[in-house]
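Colleague: Provided below are the primary sequence and the corresponding predicted coordinates.
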Amino acid sequence: MSAPSPWTAPETATFLRVPTASDDKYSRGVVGMRTGSEEFPGAAVLGVEAAWRTGTGMVRYLGPRRAADLVLQRRPETVTADGRVQAWVVGSGTSPATRTAAETAAVRTILSGDVPVVVDAGALDLVVAASALTGDRAPLVLTPHDREHAALRDRLGLAPDVDREQAALETAAVTGAVLLLKGSTTLIATPPGTLRSVTAGVAWLATAGTGDVLAGILGALVAGAPDRLADAAACAAWVHGRAGAAASARHGGGPLVALDVARAVSRVVGELVSER
Ligand SMILES: NC(=O)C1=CN([C@@H]2O[C@H](COP(=O)(O)OP(=O)(O)OC[C@H]3O[C@@H](n4cnc5c(N)ncnc54)[C@H](OP(=O)(O)O)[C@@H]3O)[C@@H](O)[C@H]2O)[C@@H](O)CC1
Ligand SMILES: Nc1ncnc2c1ncn2[C@@H]1O[C@H](COP(=O)(O)OP(=O)(O)O)[C@@H](O)[C@H]1O
């Protein structure tokens with residue numbers, strides 16, 4: 001296996017879409033988010049803020065009342081009515097232990113649809129091996145951190161203690177999904193066997209909620225380019241990393257909080273696209 005190839009700033013800049021005179025909110029892509037719960041309502045706010053800040057035509061948020069109220073308080077632009085979307089984000093701020101049967105059914109319907117889905121945190125338990133599928137399934141990007149990846153592999157019957165890069169490629173191949181494996185080095189593995197790495201971040205990103213922000217960034221990018229999941233994943237990780245660095249730099253290189261990272265995304269995107 002060859003070493004992963006590093007994803008670069010110029011690749012990120014080229015990937016990012018800038019609206020033109022002929023765009024409207026729908027042509028730019030709409031991201032739908034089923035995130036947050038009574039337990040973790042803040043994750044909904046973080047992901048929605050990040051999606052808006054990445055640049056998207058619309059964010060639809062569908063979640064528990066308390067989370068929806070908090071989302072609207074922070075971002076009244078958000079649409080809380082169901083409707084057509086070009087990408088879904090599911091699972092951030094949810095837990096299989098407390099997920100209702102109705103929510104499980106709703107997420108399963110999304111997973112078996114044809115719109116691409118970012119599957120994070122508490123929805124990863126609903127991902128099955130591609131070989132176990134009897135019908136169609138949406139194109140997926142899975143976004144576990146290392147512990148969530150280990151749990152996913154365990155459930156899929158894959159060996160523990162495999163080299164991280166090799167394991168990422170194997171999980172992608174077995175699930176048929178793009179795998180974005182979070183960490184100080186984030187890996188993006190694809191089912192056919194490509195492997196990219198992203199090290200754009202800072203260690204201050206090791207704080208609660210930054211993964212929820214990443215899922216929002218990725219959802220927005222997928223909605224704008226639903227046929228380029230692996231590039232969207234690498235681009236999201238890169239933008240997230242730089243936003244983390246920018247958020248820390250605003251505080252003298254000190255600690256950041258997840259909402260700072262989401263807020264910094266607009267500037268990171270702006271600077272990248274103005275340089276191309
Ligand atoms: N603001 C929000 O709404 C936020 C919401 N969030 C949402 O939370 C959900 C769960 O995500 P997660 O990554 O925390 O879950 P997970 O991998 O299962 O980790 C649990 C593991 O950690 C360990 N552990 C726990 N406490 C520990 C300690 N003090 N010191 C050391 N270890 C400790 C614990 O070990 P144990 O206690 O069992 O020994 C277990 O192994 C998810 O939906 C996410 O989106 C987050 O993004 C945060 C911000
Ligand atoms: N030491 C680190 N250096 C750089 N980035 C990190 C580090 N630790 C975590 N990150 C990044 O921060 C994010 C953490 O996500 P996650 O573990 O899902 O947190 P949460 O569940 O609290 O939102 C990921 O994007 C990860 O790549």
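Modeller: Structure received. Ligands and ions are numbered 1, 2, ... in the order given.
Colleague: At the contact with ligand 1, which residues of this structure appear?
Modeller: Counting by Cβ under 6 Å from any ligand atom, the residues of the chain lying close to ligand 1 are 40, 42-43, 92-95, 121-122, 147-148, 208-209, 211-212. Glycine gets a C-beta too; all of them are placed from N, C-alpha and C.
Colleague: ChimeraX command for the buried members of the residues you listed?
Modeller: Restricted to the buried members of the residues of the chain next to ligand 1, where burial is judged by 16 or more other Cβ atoms under 10 Å, the ChimeraX selection command reads as follows:
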select :40,42,43,92,93,94,121,122,148,209,211,212
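Colleague: Residue 96 is in contact with residue 103, correct?
Modeller: No. Taking contacts as Cβ atoms under 8 Å, residue 103 lies outside contact range of residue 96: 10.1 Å.
Colleague: Which one's more surrounded, the two?
Modeller: residue 103 (19 against 13; other Cβ atoms under 10 Å).
Colleague: burial measure for residue 275, as a count.
Modeller: The burial count for residue 275: 9, using other Cβ under 10 Å.
Colleague: So it sits against residue 13, correct?
Modeller: Yes. If you go by Cβ under 8 Å, residue 275 and residue 13 touch, sitting 6.2 Å apart.
Colleague: got the contact list for the nearest residue to residue 88 once chain neighbours are set aside?
Modeller: Here the nearest residue to residue 88 in space, its sequence neighbours aside, is residue 117; by Cβ to Cβ, 6 or more residues apart in numbering that works out to 4.4 Å. Neighbouring residues of residue 117 by Cβ atoms under 8 Å, 6 or more residues apart in numbering: 87-90, 110-111, 138-141.
Colleague: ok, the most centrally placed residue in the chain to residue 170 distance?
Modeller: Centre of the chain computed as the mean C-alpha position; nearest residue by Cα atoms, centre = their mean is residue 215, 2.5 Å away. Using Cβ to Cβ, to the nearest Å, one obtains 23 Å as the distance from residue 215 to residue 170.
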